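1. I'd like to go over a predicted model; first the sequence, then the structure.
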Amino acid sequence: MKEKIQLIARILGDIPSAEFTIGSGWGVMRRRGMLARFLLEEAMLNDGVFVDQSGQGIVLFYRSDDKRVLDWKAKIWLVLFGIGPFRIFRVMKRKRQVERMRRQYPPHIYCSFLGVLHDARGSRAVVELRDILFQKSTEWQLPIMVETVIIKNKIVYERMGFQTYGQFEINGMITYCLIRRNNAKNSNQSVPIVDR
């Protein structure tokens with residue numbers, strides 16, 4: 001578990017939404033580790049953790065219709081010591097907006113984290129993690145939902161068959177919400193774009 005937390009924490013260092021959530025500066029490594037632990041424990045509770053064979057990438061996900069949640073102590077700990085009182089309102093505002101967007105398409109597989117180390121970008125790791133998600137989508141007959149704040153990632157997701165169905169801005173950060181239908185017939189259907 002320790003290796004997975006360290007992997008997620010290292011990847012979080014390159015993600016703007018992580019800085020939006022936990023801030024930067026003094027104590028950022030500790031806060032990054034707390035966020036990584038929370039994300040991992042939530043996905044483990046829902047049997048949605050896969051590391052690629054090289055150990056350089058990880059995907060975390062769960063079914064929206066069968067999600068088990070961490071206890072309130074884990075959430076309070078993250079809020080108090082990971083996110084902090086000065087960021088909590090904007091973080092909760094973004095979380096509510098993402099959930100509102102996702103509610104348009106129940107049930108689904110929610111990919112809460114997909115990342116590879118900087119040196120592994122362009123490697124087989126991303127393909128392996130993507131294939132795991134696609135396999136689960138086919139097995140469960142559910143679409144996959146993700147969001148990103150990185151325009152390059154949005155383009156990569158779109159090349160994988162995802163469609164942007166909405167976007168919103170909070171504190172200058174644009175979040176793109178994407179969906180991938182679970183079969184070829186559905187993946188060609190248009191998805192309404194919602195700006196909020």
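-> Structure received. Numbering: from 1, shown residues only.

2. does I179 sit in a helix or strand, and which one?
-> strand 173-180 (DSSP states H and E).

3. Just the buried positions in stretch 56-75, please.
-> In terms of neighbour count (16 or more other Cβ atoms under 10 Å), stretch 56-75 has its buried residues at Q56, G57, I58, V59, L60, F61, Y62, R63, S64, A74. C-beta here means a position set from N, CA and C on the backbone, and glycine is covered the same way.

4. in this structure, what spans have low per-residue confidence?
-> The model of the chain has pLDDT under 70 over residues 183-196.

5. And the helices in it, which stretches?
-> Ranges of helices in the chain, per DSSP state H, are 2-12, 16-22, 28-45, 72-77, 88-102, 124-140, 151-159, 184-187.

6. Adding distance to L114, write the ones you listed out as CSV.
-> Shown next, in CSV, are the helices of the chain (distance: least, Cβ to Cβ, whole Å):
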stretch, distance to L114
helix 2-12, 9
helix 16-22, 13
helix 28-45, 11
helix 72-77, 22
helix 88-102, 15
helix 124-140, 6
helix 151-159, 9
helix 184-187, 18
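
7. out of these, nearest to V51?
-> Among the helices of the chain, the nearest to V51 by Cβ to Cβ is helix 2-12 (6.6 Å).

8. Can you list the helices and strands that the closest one packs against?
-> helix 28-45, strand 49-51, strand 57-63, strand 109-116 (3 or more Cβ pairs under 8 Å, 6 or more residues apart in numbering; DSSP states H and E).

9. To M173, which of the helices of the chain lies closest?
-> In terms of Cβ to Cβ, the element of those nearest to M173 is helix 16-22, at 5.5 Å.

10. Contacts for the closest one next, please.
-> Contacts to helix 16-22, defined as Cβ atoms under 8 Å, 6 or more residues apart in numbering, come from residues 12, 28, 31-32, 34-35, 82-84, 87, 90-91, 94, 148-150, 171, 173, 175.

11. got it, and stretch 140-157?
-> With contacts defined as Cβ under 8 Å, 6+ apart, stretch 140-157 is touched by 15-17, 20, 61, 63-64, 98, 101-102, 105, 107-111, 114, 126, 133-134, 136-137, 162, 164, 173-183, 186.

12. related to what we said a few turns ago, turn the helices and strands packed on helix 2-12 into a markdown table, columns for distance to L70.
-> What follows is the helices and strands packed on helix 2-12, written out as a markdown table (distance: least, Cβ to Cβ, whole Å):
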| stretch | distance to L70 |
| --- | --- |
| helix 28-45 | 6 |
| strand 49-51 | 14 |
| strand 57-63 | 11 |
| strand 109-116 | 12 |
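
13. Looking at those, which is nearest to L7?
-> Of all the helices and strands packed on helix 2-12, strand 57-63 comes closest under Cβ to Cβ, at 5.6 Å.

14. Provide the strand pairings for that closest one, with the direction of each partner.
-> strand 49-51 (antiparallel), strand 109-116 (antiparallel) (DSSP bridges).
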